[in-house]
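Visitor: Whatever this is, show me its structure:
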Amino acid sequence: MSVSDEIRKLAELRDAGTLSEDEFERAKARILDATPPSSGGFSELPVNVLRRSVTDRWIAGVCGGLADFTGVESWIWRLLFTLAFLFGGFGILPYLLLWIFVPREA
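Guide: This next block holds a predicted model:
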C-alpha cells in the first residue's frame, strides 16, 4: 500500500468520524515520517556477517559464530553437528568447510 493510499484511508476514517482531527494529523505525520518498508530481499542482508567466535568456542568457534548469526543458542548448533556426525557422518563436512572459509571475528 502506498503512502497516498494510507493517507486517503485515514482521511476517510476522519470524515466518517472514527478519527478526530488531532488523531488524523498524528497518524498522517507518522506515515510521512516513517521509513519505507523493506522488500525483504537478500540485498538488504549484511554482507559477511558470519564470523567464527573467539569467546564462545570449543574447537573452532563455528557453533558460537552460528549462534551469534542466527540467534539460536550455540549448544543447539553443537548438538546438531554432533548428531549429524554420529548418524551418517555428514556433519563433519559442513563443520570443516565453515572452519576453513568463515573468518574469525576480530
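
Visitor: Please name the spatially closest residue to residue 50 (chain neighbours excluded).
Guide: Leaving aside its chain neighbours, residue 50 sits nearest to residue 69 (4.8 Å; criterion: CB to CB, 6 or more residues apart in numbering). Using the backbone N, CA and C atoms, a C-beta is placed for each residue, glycine as well.

Visitor: Using CSV, write out every CA atom in the host helix or strand of that neighbour.
Guide: Element membership of residue 69, judged by DSSP states H and E, is helix 62-70. The C-alpha trace of helix 62-70 is given here as CSV (Å, rounded to 0.1, in the frame of the first residue of the first chain):
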residue,chain,number,x,y,z
VAL,A,62,31.9,-22.3,14.3
CYS,A,63,28.9,-23.0,16.5
GLY,A,64,29.4,-19.8,18.5
GLY,A,65,29.6,-17.8,15.3
LEU,A,66,26.4,-19.5,14.0
ALA,A,67,24.7,-18.7,17.3
ASP,A,68,25.6,-15.1,17.0
PHE,A,69,24.5,-15.0,13.4
THR,A,70,21.1,-16.9,13.8
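
Visitor: Can you tell me the closest non-neighbouring residue to residue 73?
Guide: residue 67 (5.9 Å).

Visitor: and that neighbour, what does it touch?
Guide: Contact partners of residue 67, counting by CB atoms under 8 Å, 6 or more residues apart in numbering, are 53, 56, 73-74, 76-77.

Visitor: domain assignment for this protein?
Guide: What the record gives for the chain is the domain set 3-40, 47-106, from automatic domain parsing.

Visitor: picking up where we left off before, and the residue nearest to residue 50, how many neighbours?
Guide: Neighbourhood size, residue 69 [other CB atoms under 10 Å]: 14.

Visitor: Please apply the same query to residue 62.
Guide: Neighbour number of residue 62 under other CB under 10 Å is 24.
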